[in-house]
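give me a 3D structure for the following:
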Amino acid sequence: MVVLKGFLIGLSIAAPVGPIGVLCIRRTLTDGRLAGLVTGLGAASADAVYGSMAAFGLTLVTGFLVAQENILRIVGGFFLLYLGIRTFLSHPSNEPASAERNGLPGAYLSTFFLTLTNPLTILSFAAIFAGLGLATEERGLLAAILLVVGVFLGSASWWLFLSGAVSLFRNRFDLRAMTWVNRISGSIIFGFGVAAFLI
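Purely as a prediction, here's the structure:
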């Protein structure tokens, strides 16, 4: 039951399409299903970090991160701007498998960093845990660990589904289409970066 609660929380946090979703779709199309999945797993790992803060009652750490909301938004915003420009200007490759192998650590770390610097992720976890009464619920160490595992599995399941679904259409995209995928996704990611400074 505890794992299921965590699973649903992780799924609900991951499912809304944002900059990570766009990145996952774009990397799946350009570099393959594994690259898209690893991109999502970076976000799932960050979700598990914030889930553990909520599950273990680390209110001091959570409070500190919420207090640094503006700094985190600026850092994350600049990174999104950089990523958007880089994506827009990148050229599709005829050898995605090579790019896929070499880029997996970067794909993971970039989304892990982006998710950690997103204040909305912190606030979303705080709101969901409070709304479900989990913030004040007394739980043992095992229950807290199972809740965090559930959060990770829920988030990871979404990224597995998304990368798998998008990969079904990958072979229909030629180099010209992939150029447009890069331009459109780069523009969207850049837009999320601009929005980070305006919200």
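
now stretch 29-41, how far from the chain's geometric center?
12 Å (CA atoms, centre = their mean, to the nearest Å).

contacting residues around that stretch?
The contact list for stretch 29-41, computed with CB atoms under 8 Å, 6 or more residues apart in numbering, reads 14, 20, 23-25, 27-28, 90, 92-93, 96-97, 99-100, 103-104, 107-108, 110-111, 155-156, 158-160, 162-164, 166-167, 169-170, 173, 178, 181-182. Glycine gets a C-beta too; all of them are placed from N, C-alpha and C.

can you flag the buried ones in these?
For the contacts of stretch 29-41, a burial check counting by 16 or more other CB atoms under 10 Å picks out 14, 20, 23-25, 27-28, 90, 92, 96, 99-100, 103-104, 107-108, 110-111, 155-156, 158-160, 162-163, 166-167, 170, 178, 181-182.

for the protein, what helix or strand is lowest in average pLDDT?
helix 59-67 (a mean of 62; mean pLDDT, DSSP states H and E).

low-confidence ranges in this structure?
For the chain, the stretches with pLDDT under 70 are 17, 57-66, 68-69, 92-102, 119, 126-127, 129-139, 199.

which residues in it form helices?
Assigned by DSSP state H, the chain shows helices spanning 2-14, 19-31, 33-55, 59-67, 69-89, 96-116, 119-131, 141-167, 175-198.

so L153 makes contact with G10?
Yes - with contacts counted by CB atoms under 8 Å, L153 reaches G10, the gap being 6.5 Å.

ok, the two, which is more surrounded?
Higher neighbour count among L153 and G10: G10, with 28 against 19, using other CB atoms under 10 Å.

list the contacts of that one.
By CB under 8 Å, 6+ apart, the neighbours of G10 are 44, 47-48, 51, 150-158.

got JSON lines for these, with distance to I71 too?
Below are the contacts of G10 laid out as JSON lines (distance: CB to CB, whole Å):
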{"residue": "A44", "distance to I71": "24"}
{"residue": "D47", "distance to I71": "21"}
{"residue": "A48", "distance to I71": "23"}
{"residue": "G51", "distance to I71": "22"}
{"residue": "G150", "distance to I71": "30"}
{"residue": "V151", "distance to I71": "25"}
{"residue": "F152", "distance to I71": "26"}
{"residue": "L153", "distance to I71": "31"}
{"residue": "G154", "distance to I71": "29"}
{"residue": "S155", "distance to I71": "25"}
{"residue": "A156", "distance to I71": "28"}
{"residue": "S157", "distance to I71": "32"}
{"residue": "W158", "distance to I71": "28"}
